[in-house]
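Enquirer: Need coordinates for the below:
(2 chains)
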Amino acid sequence: MNYLQKNLEEYFSIPKDEWKEVDKLIYGLEDYFLYDAKKVREQRFKAIKEAFMHHYENNLFYHKYCKENNVLPHDIKDEEDLKKIPLIPDKFFKDYPDEDPRILYEWLYRITSVDIGEFDFKGKTLQDFLVWAENKLNGIVTHSSGTTGKFSFIFRDDITRRRMFYSADKTLLFSIYPPSENAHIIYPGLIKTHLTMGRWIAEGTKIFKQEYRHFLTDKALTIDIVRLLAGQVRGMGDKLKLMIISKAMHKGQIKLLNMLKEMDKKGEQIYILTFPFQLYDLMKMMEEEGVYLNFGESNSVIITGGGWKIHEHRKISTDEFAKMIEEFFGINKNNYRDVYGMSEMNGLALECEARYKHLHPWIYPMVLDENLEPMDFGEVGRFAFLDPAANSYPGFIITGDKVKLLEACPECGREGIVIEGEITRMAGAEAKGCGNLMREIMAEEMR
Amino acid sequence: MGFFKEVVDVGNIPPFSLIKNFMKASLPLSYVLAKNPNVMFKTVNAWKKRLEISKPPWEHIEDESKYDATKLLSDDDYKDLPAVHDEKYLRPTRFCECDSKEIRAMAKKLGAYEKEPLEYAKSIFYFVKNKKYLVFKPLRGAVGVLKSKGGVCLDQMNLLIALARAGGIKARYRLYAFTPANEMADVMLNHDPVLKETYELLGFLDALHGCAELWIDGEWIQLDPTFSDELEAGMGLPVAEFGEEPAWRKRIPERDIIFEGFPVMFKSLLSGMAFLLRHTVDKVNEKLDEVREKGREILNSMGKEEYNRRKKKVAIELPTMEEVRAFRQKAIQMHR
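Expert: Predicted coordinates:
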């Protein structure tokens, strides 16, 4: 066991005597994609039923919502009944009445399934409040890009945070090609933020020693600057901060490229986590400068996530993208994977070599039609899921993503329900994500 | 209220914030138009089409005679018309011709002074919401909307406010900033490069939309009749009933502009935009007709109630803090 595995256990595991049913899958399974399917399916049912009971008993809004929908815990008797569990639209998480910290706290108090205690916040800004809330929950608080005028806030408590990052690290870092003691983790973005991807990367990569973690800049991206980028303009102060960040990120990109060249020379193993278009931009920069690296021999890995969103017009196929990666980084296409995740979901879908995205075994996925009724495997519709790993909020969510699910991967022998093909946004779903915001920060310098 | 404030309130001087908002929007719009010359070519064709039939190039040229609601009025409806008031929020103002005989006759037909104010407000709200359509065209005023297919949201407000005032209910305008719900953006913005890019540059739409405020039982009630039931259903949104917040937009707080009378110059500013965006606006109007047709089919097939039941099955109401505390207390006691 190297230091990374030790840290993974130390930072994100839950003592076995405190395990719930879902933890038997998250912490008990040796491999998330190779397992006894029948046993795991039974365990998933137990986990979801237990989670449903937890939210029903501890969350008044969900308790009432279930009653209004005439579904009570004792109605869930077998796997088919899971489809009855009332689902919450992802837009719900932006339905807070006001951004005033006290009002936001009261909203949080009313939507969480755990007691968050009294309001003893002494700060002034919304940013301070997010930090306060993280400390209060001993968890992690993230917000969306706010491009529809309102942010979506997700509050994860300690238990949810541990489950999420344990499974994410185990999947992304240890299931493709295990990192050595000297592996470097690189994210070409910024992590001093509560914006979803940046905050996740900050938390998930803390199992690495500080000297092995590399980001574009250590400048902070506060919610006010994000608001400015989302078009909800505030004062000149934030505009100035944005310019500073933008400049720092540009410098960071050049520094990153030089650093990659050095690492390549030394034959070091790297793990790059990034949005696809960020990597695309980096490769375009490498093309202009004639930089071609060879990280293949060090068994380096590149993982993309978050989709192309508004950069759809520049989207290229995964195979073409893999070829570009091979050309510029020398990384074999099997060591490049795309991953699908949702800001409300504590689980992922990792691509196999055949480019099918395998879902984590505790997630019960569904595809819904336009009347929000479940459809069969093979049909295209709105993605929804039951996530028993969510402890602080009911993780039974309807998303804005359009997917096609298959019961099993037709290509590789691994287990798990898979998402086939491209994931697009449903009509009416928010198209911009936090990745686009990152790109806008970079573009800011050119304005 | 001071003299100057009063002059602004009745619309003889446009509010400064309104002018500022228009200026702010004009730069991104000009930039996007310059970036999309092919759209301008199409717009020139749209102008030509109008000039050939001797219409101004910004005009909406659909034949709207079949939508003329004054045809619903009988001679009796024009007898004993409600009185015209000169009180603030009851008197006629620019584009709000509550003193016209057609508006007063329609107010009478819809129950003015016969029904309770709240019931009358519901009648006029549903009349404007469902008998008049959202059509992007230059401002016509309340009578113009009554006699045609409908108008822009602001003109629908004109008609609703005029009917309210004609029925003795004080009414005023409230403009606000909003971001469209994604369903609305898909219909109105995302298929057109000019609108999409301009919106993305602006981030949200400021002071181009609003609601009517009616003074009923001691409070201002906000009503937005812009989207008909069919349009909401066609977009896949729940149908908003009287007093409900429509789902097609999210308001951005603290940017509201309230006034009694429509500001001078507003019509010219909107006509200018209609002129520049004529082709785009024609396309949006066509799209709106398509969506309404789709919505009509949906509502005819399952009925509004069933449609709303399905759409609202995910409507979640939050309990109060006190209720949550009591619930948690009870849960703790049960587990002991």
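Enquirer: Please enumerate the helices of chain A.
Expert: Using DSSP state H, the helices found in chain A span residues A:3-12, A:21-26, A:37-58, A:60-68, A:101-111, A:126-137, A:158-174, A:196-204, A:223-229, A:236-266, A:276-289, A:318-329, A:434-444.
Enquirer: Columns mean neighbour count, distance to chain B and mean pLDDT on top of the ones you listed, output as TSV?
Expert: Every residue, glycine included, has its C-beta placed from N, CA and C. Formatted as TSV, the helices of chain A follow (neighbours: other Cβ atoms under 10 Å in any protein chain shown; distance: least, Cβ to the nearest Cβ, whole Å; pLDDT from 0 to 100):
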stretch	mean neighbour count	distance to chain B	mean pLDDT
helix A:3-12	16	27	96
helix A:21-26	22	18	98
helix A:37-58	19	6	97
helix A:60-68	19	4	92
helix A:101-111	18	5	91
helix A:126-137	18	14	89
helix A:158-174	22	17	96
helix A:196-204	22	18	90
helix A:223-229	23	9	73
helix A:236-266	16	14	81
helix A:276-289	17	16	87
helix A:318-329	18	25	90
helix A:434-444	22	10	56
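Enquirer: So, low pLDDT: which residues of chain B?
Expert: Low-confidence segments of chain B (pLDDT under 70): B:1, B:203-207, B:253-255, B:312-315, B:336.
Enquirer: Now do the contacts for the closest residue to residue A:83 other than its chain neighbours.
Expert: Excluding its sequence neighbours, the residue lying closest to residue A:83 (Cβ to Cβ, 6 or more residues apart in numbering or on different chains) is residue A:374, at 5.0 Å. By Cβ atoms under 8 Å, 6 or more residues apart in numbering or on different chains, the contact set of residue A:374 is A:83, A:366-368.
Enquirer: out of the helices of chain A, which comes closest to residue A:408?
Expert: When the helices of chain A are compared by Cβ to Cβ, helix A:37-58 sits nearest residue A:408, at 8.7 Å.
Enquirer: can you state the direction angle for that closest one and helix A:60-68?
Expert: 110 degrees (axes from the mean of the first three to the mean of the last three Cα atoms, to 10 degrees).
Enquirer: wait, residue B:223 sits on residue B:241?
Expert: No. Checked against Cβ atoms under 8 Å, the pair residue B:223 and residue B:241 is beyond contact range at 10.8 Å.
Enquirer: ok, those two, which is more surrounded?
Expert: Shown here are residue B:223 and residue B:241; by other Cβ atoms under 10 Å in any protein chain shown, residue B:223 has more neighbours (26 against 14).
Enquirer: wait, what's in contact with that one?
Expert: Applying Cβ under 8 Å, 6+ apart, the residues contacting residue B:223 are B:121, B:125, B:160, B:211-214, B:242-243.
Enquirer: cool, and residue A:327?
Expert: So residue A:327 contacts residue A:292 (Cβ under 8 Å, 6+ apart).
Enquirer: Look up how far residue A:328 lies from the spatially most distant residue from the centre of chain A.
Expert: Largest separation from the mean C-alpha position in chain A: residue A:290, at 32.9 Å (Cα atoms, centre = their mean). Applying Cβ to Cβ, to the nearest Å, the value for residue A:290 to residue A:328 is 11 Å.
Enquirer: what do you get for residue A:299?
Expert: Relative to residue A:328, and taking Cβ to Cβ, residue A:299 is found at 17 Å.
Enquirer: And for residue B:83?
Expert: For residue B:83, the distance to residue A:328 - Cβ to Cβ - is 79 Å.
Enquirer: for residue A:379, same thing?
Expert: For residue A:379, the distance to residue A:328 - Cβ to Cβ - is 38 Å.
Enquirer: Please apply the same query to residue A:193.
Expert: 27 Å.
Enquirer: How many neighbouring residues does residue 334 have?
Expert: Answering for chain A, as no chain was given. 12.
Enquirer: Wait, chain B was what I had in mind.
Expert: Neighbours around residue B:334, by other Cβ under 10 Å: 8.
Enquirer: now swap in residue B:296 and tell me
Expert: Neighbours of residue B:296 (other Cβ under 10 Å): 16.
Enquirer: Okay, strands next: where are they in chain B?
Expert: Taking DSSP state E, the strands of chain B run over residues B:133-134, B:150-151, B:171-180, B:205-216, B:219-223, B:249-259.
Enquirer: measure residue B:134 to residue B:325 for me?
Expert: For residue B:134 relative to residue B:325 (Cβ to Cβ), the value is 45 Å.
Enquirer: try residue A:245
Expert: 41 Å.
Enquirer: cool, and residue A:133?
Expert: For residue A:133 relative to residue B:325 (Cβ to Cβ), the value is 19 Å.
Enquirer: got the contact list for the nearest residue to residue B:112 once chain neighbours are set aside?
Expert: Nearest residue to residue B:112, sequence neighbours excluded (Cβ to Cβ, 6+ apart): residue B:167, at 3.3 Å. Contact analysis of residue B:167 by Cβ under 8 Å, 6+ apart lists B:82, B:107, B:110-113, B:117, B:120, B:124.
Enquirer: and if we set it to 10 Å?
Expert: B:82, B:90, B:98, B:103-104, B:106-108, B:110-115, B:117, B:120-121, B:123-124, B:214 (Cβ atoms under 10 Å, 6 or more residues apart in numbering or on different chains).
Enquirer: Okay, and which of these map to helices?
Expert: Going by DSSP H, the helices hold B:103-104, B:106-108, B:117, B:120-121, B:123-124 from the contacts of residue B:167.
Enquirer: any idea which of these is closest to chain A?
Expert: Ranked by distance to chain A (Cβ to the nearest Cβ), those are led by residue B:121 at 25.4 Å.
Enquirer: Now for the residue nearest to residue B:148 when sequence neighbours are not counted: which residues touch it?
Expert: Excluding the flanking residues, the one nearest residue B:148 by Cβ to Cβ, 6+ apart is residue B:64, at 4.1 Å. If you count contacts by Cβ under 10 Å, 6+ apart, residue B:64 has them with B:133, B:135, B:137, B:144, B:147-151.
Enquirer: 8 Å - rerun?
Expert: Residue B:64 neighbours (Cβ under 8 Å, 6+ apart): B:147-149.
Enquirer: try residue A:351
Expert: A:318, A:337-339, A:357-358.
Enquirer: Buried ones among those residues?
Expert: Using 16 or more other Cβ atoms under 10 Å in any protein chain shown as the burial test, those include A:318, A:337-339, A:357-358 as buried.
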